[in-house]
Structures are given as C-alpha cells and as structure tokens.
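Trainee: Generate a structure from the sequence data that follows.
(chains A and B)
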Number of protein chains: 2
Amino acid sequence: MSNEVVLLDFWASMFGMRIRIALAEKGVKYEHREEDLRNKSDLLLKMNPIHKKIPVLIHNGKPVCESLIIVEYIDEVWKDKCPLLPSDPYQRAQARFWADFVDKKVYEVFKGVWLMWAKKGEEHEAAKKEFFEIFKILEGELGDKPYFGGETFGFVDISFITFYSWFHAYETFGKFSIEAECPKIIAWVKRCMQKESVAKTLPDQKKILEYAVQLRKRFGLE
Amino acid sequence: MSNEVVLLDFWASMFGMRIRIALAEKGVKYEHREEDLRNKSDLLLKMNPIHKKIPVLIHNGKPVCESLIIVEYIDEVWKDKCPLLPSDPYQRAQARFWADFVDKKVYEVFKGVWLMWAKKGEEHEAAKKEFFEIFKILEGELGDKPYFGGETFGFVDISFITFYSWFHAYETFGKFSIEAECPKIIAWVKRCMQKESVAKTLPDQKKILEYAVQLRKRFGLE
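Mentor: Just a heads-up that it's a prediction; the model follows:
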C-alpha cells in the first residue's frame, strides 16, 4: 500500500500539534499544509465538511478528523513502532478517559483564561481557582509516574503536552505560575520536552504569546 | 478470569442505555444498580470521582467511565461475539467520528429542545431549524445503508438509537415530527427496534415523556 499522508494544520493549534507528535513518534513522512483559519482552503472544507476544522489527516486521499480519533488511527495503522495506546483493554479505557478529560476540561478552563485579563478581584480569583482545580486533578493522576500511562510516553501525554506551548500565554493572562501550583506537571513537561518528537513540534512560547495577544485584540478583549 | 460485572445506571439515561445494549449484544450477565441522581450512592462517587456521573461499568472491581469509552471497552474485552467496531482502522475512525458527533451535536440540540416550550415564533423556528440541521446530517450519513456502519448493527447505531426513547418527548416539546423531516432515520429506528437488545433496553416513550414533564416542572421551565 502506498502511504500518501497529508496533514491540514495550523501552527498554533494544540490539536494539530498532537498529530505532528504522533506522526513523528511513528516516523511517518507527510506533507504539512498550513491553513489560514480566516480563509479556509477548499480542500479543508471538502475533507471536513461537518466541523470544517483542522487538524485533518488525509491518508491515501481519505480524511480522518478530530485529533484524538486521528491519533488512535495513526496508532492502529502504523502499529509496529512506538505503540501509543496500551494493549490491555482496561489500560486503554483509562488512557481514553484521561485524554477525553483533557479535551473536555483542560480546554474549557484554557478558554476561561482568555477572559482573565478583563477580570478583577473575586472574579479573577474564581477563574484561577477553577483552572487549578482541573490542573490539580491531572497532577494527582500523574502522581510519581514518569508519564501518564506509566513508564512510556503515550496517548494521554500527547493529548496534554501540546497545551504546554500555551502555558506562558496563560500564565501571563492569568497572572499565575503553573509550576508553583503543579510542580509534578512541570517536571513531566520537562521530561516530555526531552523527546525530539515533542521538542521539534511545540512552537516557541513567546511566539504563541504574541499570537494570543493579537487574537485578543482581534476579538476586542482588550 | 472471573467476570463480575456491575452497571451503575439510571433508567432514563440514553448514555446508560448504550451500555445495556452493548452488554445484551455480547450476552454478558451483569448486576444492574439503579442510581438516585439526586442522592448519588457512595459507590458511584467512589467509582467515578472525577465526573460523578452514570453510567459506570465496574468489571471485577475496577471502574470504566464515559459511555462511548465503556462501549469500546466491552467490545475489546468480549471480542469474540458480535463485534461492535469494525476491524479496519479507517472504518473504526469513521465509527468513532460519528459516535463523537452524536455526543457533541445531537446531545446539544436535544438539550436545546428543553427550552422550546418556552419559545415562540421566530425563536422556536430557529431552535427547530438547528435541531433538524443536525438530524439531517445523520440522515445523509445513513443514506440507504441499513445501519450506520453498513450491513450490521454497531458502534454508531448504539450511540444514537438510545436517543429514540426521548423522540416522543422532544416531538411534544418541539411541536414537530421527526418522521416528516427524516424518514430514513425513522426507518432505521424501526430496523434497530427489531433487535432484542434494543427493544428490551429502551424504556416506553410515554414514561420518558412523563419523566421529562416532571423534570421541566422541577427546573421551573413551565
């Protein structure tokens, strides 16, 4: 089977980064196509007509959408190298649970931080409290393991590490330190960043901050 | 391996029903424990401390949470009978995509219908339009296939058929007919209801309507 792989992506997307890391872990060569999210390509609209969102992985002409579904797909197609999900059904269910938690909860509190600059006093404190409630659940789940799944980098790590590229922006907006509250998460981040697949994928945090500042201006949040 | 299976559930939950259908398809015997959602059991809070929601499948003492994750788990553990997900990675990704669509979009428009009784004129029309936009996407995806995955009842069918138990309530609230707009979905519903696993699981639609009316009163929506 030929393996023509194209990724429709956007550089600052934590969802797109998941796919870049998974493909790097598997050693899959692919064509990267950067999308302009304000002027989406005909190809993106054709390949993801339902959600019209990146990332989309196009494998031999056929699209796969939704980042966690794409990562599972990559793991199943290129199954011989670096398994991302565990083989045991119970451990697989746990990995899916925590990746789903990142999608539902971490993304939610991340969106909440956008508004923090505009918030003062009690409101700011409430948003900060909510942010760390979610992060501390992950800190607890990680515990003293090197990675979320145990000894090796896998599905939950991929789903969460991409948010790290936005930590600096969120710490700036939220006026807080993630390391002060969640030292184990930061130790885990450093461990993940030693992997080439992660270090080469994640954009510079300062560039993300600049982009986030532009976005806030565009959305009239300043 | 012993197979002690307990399901923490609530009779009217479309998410709980998914697990009942999956276990019936696989012929797995289990203990069903009905939860009082206004006074959750210590067992539920212990087994799902993160979301505190039903359904929870407890298999040999270990909990699995989130309904689609539980259905995949059941499919992986009892893999010899009635496969629910296809074996081909691309078809699996498509099945996960559509089940995820049901979770994100169908559930969202279902929640919207709760408020329809209170809405009039243009507002009511807008909510109805949104409802059928989502349903017609599913009608299109189903097309002329007997089931969402093709020839056999599977993952996407399980994820969506449980909503049928609420159709009558929503048609009453929304003052519309799903059959008039989406005849293929209703033909598919009838096909699914010929399966014992589905027919025996789905509660009577009139009971669901009575329950929904009670809920609306409790929430002050009348």
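Trainee: Quick check: residue A:152 is in a strand.
Mentor: No - counting by DSSP: H, G, I helix; E, B strand; the rest coil, residue A:152 is not part of a strand but coil.
Trainee: Tell me the residues on chain A that lie near chain B, please.
Mentor: For chain A, the residues in contact with chain B (C-beta under 8 Å from any C-beta of the partner chain) are A:50, A:59, A:62, A:64-66, A:69-70, A:72-73, A:76-77, A:89-90, A:92-93, A:96-97, A:100-101, A:137. For every residue, glycine as well, the C-beta is placed using N, CA and C.
Trainee: and if we set it to 6 Å?
Mentor: A:64, A:65, A:66, A:69, A:73, A:76, A:77, A:89, A:93, A:96, A:97, A:100 (C-beta under 6 Å from any C-beta of the partner chain).
Trainee: Now the last one: closest residue in space, sequence neighbours ignored.
Mentor: Counting by C-beta to C-beta, 6 or more residues apart in numbering or on different chains, residue A:100 lies nearest to residue B:66, which is 6.0 Å off, once chain neighbours are set aside.
Trainee: Which elements pack onto the longest helix along chain A?
Mentor: Counting by DSSP state H, the longest helix found in chain A is helix A:121-142. Helices and strands touching helix A:121-142, by 3 or more C-beta pairs under 6 Å, 6 or more residues apart in numbering or on different chains; DSSP states H and E, are helix A:107-113, helix A:183-193.
Trainee: Now do the helix or strand bottoming out on mean pLDDT in chain A: everything it contacts.
Mentor: Ranked by mean pLDDT, DSSP states H and E, the weakest helix or strand in chain A is helix A:107-113, scoring a mean of 80. Residues outside helix A:107-113 that contact it (C-beta atoms under 6 Å, 6 or more residues apart in numbering or on different chains): A:127, A:130, A:131, A:134, A:170, A:173, A:174.
Trainee: now the helix or strand harbouring residue A:168, how far from the chain's geometric center?
Mentor: The secondary structure element spanning residue A:168 is helix A:167-174 (assigned by DSSP states H and E). Relative to the chain's own centre, helix A:167-174 is displaced by 16 Å; criterion: C-alpha atoms, centre = their mean, to the nearest Å.
Trainee: Tell me which other helices or strands that helix touches.
Mentor: helix A:107-113, helix A:205-218.
Trainee: State the mean pLDDT of that helix.
Mentor: For helix A:167-174, the mean pLDDT works out to 90.
Trainee: ok, now stretch A:197-204?
Mentor: 98.
Trainee: Please export the C-alpha coordinates of that stretch as PDB.
Mentor: Output of stretch A:197-204 as PDB, limited to C-alpha atoms (Å, rounded to 0.1, in the frame of the first residue of the first chain):
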ATOM      1  CA  SER A 197       9.000  14.500  18.600                       C
ATOM      2  CA  VAL A 198       7.800  16.900  21.200                       C
ATOM      3  CA  ALA A 199      10.600  19.500  21.300                       C
ATOM      4  CA  LYS A 200      10.600  19.800  17.500                       C
ATOM      5  CA  THR A 201       6.800  20.100  17.300                       C
ATOM      6  CA  LEU A 202       5.900  22.700  20.000                       C
ATOM      7  CA  PRO A 203       6.300  26.300  18.800                       C
ATOM      8  CA  ASP A 204       8.200  28.900  20.800                       C
END
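Trainee: buried stuff in stretch A:60-71?
Mentor: A:63, A:64, A:65, A:66, A:67, A:68, A:69, A:70, A:71 (16 or more other C-beta atoms under 10 Å in any protein chain shown).
Trainee: would the last one count as being in a helix?
Mentor: Read it as residue A:71. Yes - assessed by three-state DSSP, residue A:71 belongs to a helix.
Trainee: which residue sits closest to it, ignoring its sequence neighbours?
Mentor: Using C-beta to C-beta, 6+ apart, the nearest residue to residue A:71 is residue A:22, at 4.8 Å.
Trainee: ok, now the first one?
Mentor: Taking C-beta to C-beta, 6+ apart, and ignoring the residues beside it in sequence, residue A:63 has residue A:47 as its nearest neighbour in space, at 3.9 Å.
Trainee: do the same with residue A:136
Mentor: residue A:182 (6.5 Å).
Trainee: ok, now residue A:146?
Mentor: In space, residue A:146 is closest to residue A:191, 6.0 Å off (C-beta to C-beta, 6+ apart).
Trainee: Now do the contacts for residue A:8.
Mentor: Counted by C-beta under 6 Å, 6+ apart, residue A:8 has contacts A:33, A:35, A:44, A:54, A:56.
Trainee: out of those, who has the most neighbours?
Mentor: residue A:56 (26 neighbours; other C-beta atoms under 10 Å in any protein chain shown).
Trainee: Need the pLDDT of it.
Mentor: 98.
Trainee: Low-confidence stretches in chain A?
Mentor: Low-confidence segments of chain A, defined by pLDDT under 70: A:1, A:114-120, A:221-222.
Trainee: One more pass at 90, please.
Mentor: In the predicted model of chain A, residues A:1-3, A:107-128, A:170, A:173-175, A:213-222 satisfy pLDDT under 90.
Trainee: Show me chain A divided up by domain.
Mentor: A:5-77, A:89-219 (the TED database).
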